[in-house]
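> I need the structure of the sequence given here:
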Amino acid sequence: MISLIQRVNYAKVVIEDQLYSEINKGVLALIGIEKEDTNATAEKLLERILSYRIFADYEDKMNLSVKDIEGGVMLVSQFTLAAATGKGLRPSFSSAMPPDEAKKIFKHLVDFAKTNYAKIGTGQFGNEMKISLENDGPVTFWLKV
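Residues are numbered from 1 along each chain as shown. Sure thing, here's the model as predicted:
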């Protein structure tokens, strides 16, 4: 499972010109689900996202997690993160989990997140979304579990 996380001042998801979800200061996590991923992989990734230290402490060092600052977490599925881009001019999605299975794992990730952390926002799996955000830093990391 792959996540591209961004430290944000805010993030929001709009679907069909309607606000679907939003967070204030926190982390926007784009989630790519690969064929070998499981519910356990999703849980491990969430723990990593919640605990990854990307916020500044009182000495301006990246020592605090989103949990430490009580920030928001926006989880958005993005199957293109599972693309193979190493050769050619067109991405291959052969490592991406099929949509029906990936939807179940993403739902588990969201349910697990909402059970373990209060400030969770989401996108809508498989839907066309408009994501707006203000990247803080910019600070962006690619996580793989």
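> and N116, what pLDDT?
Looking at N116, its pLDDT reads 96.
> distance of the residue nearest the centre of the chain from I5?
Among the residues of the chain, the one closest to the centroid is A29, at 1.9 Å (C-alpha atoms, centre = their mean). Counting by C-beta to C-beta, to the nearest Å, the gap between A29 and I5 amounts to 5 Å. Any C-beta I mention is one placed from the backbone N, CA and C, and that applies to glycine too.
> once you drop chain neighbours, what's closest to K119?
Using C-beta to C-beta, 6 or more residues apart in numbering and skipping the chain neighbours, the partner closest in space to K119 is G72 (4.3 Å).
> which residues in the chain form strands?
Along the chain, the stretches classed as strands by DSSP state E are 2-15, 18-23, 26-32, 55-56, 62-64, 72-77, 120-122, 130-144.
> and among the ones you listed, the most buried is which?
Compared across the strands of the chain, strand 26-32 shows the largest average neighbour count, a mean of 26 (mean count of other C-beta atoms under 10 Å).
> and that strand, average pLDDT?
The pLDDT scores in strand 26-32 average 98.
> right, and Q78 touches L28 too?
No. Using C-beta atoms under 8 Å, Q78 makes no contact with L28, being 10.6 Å away.
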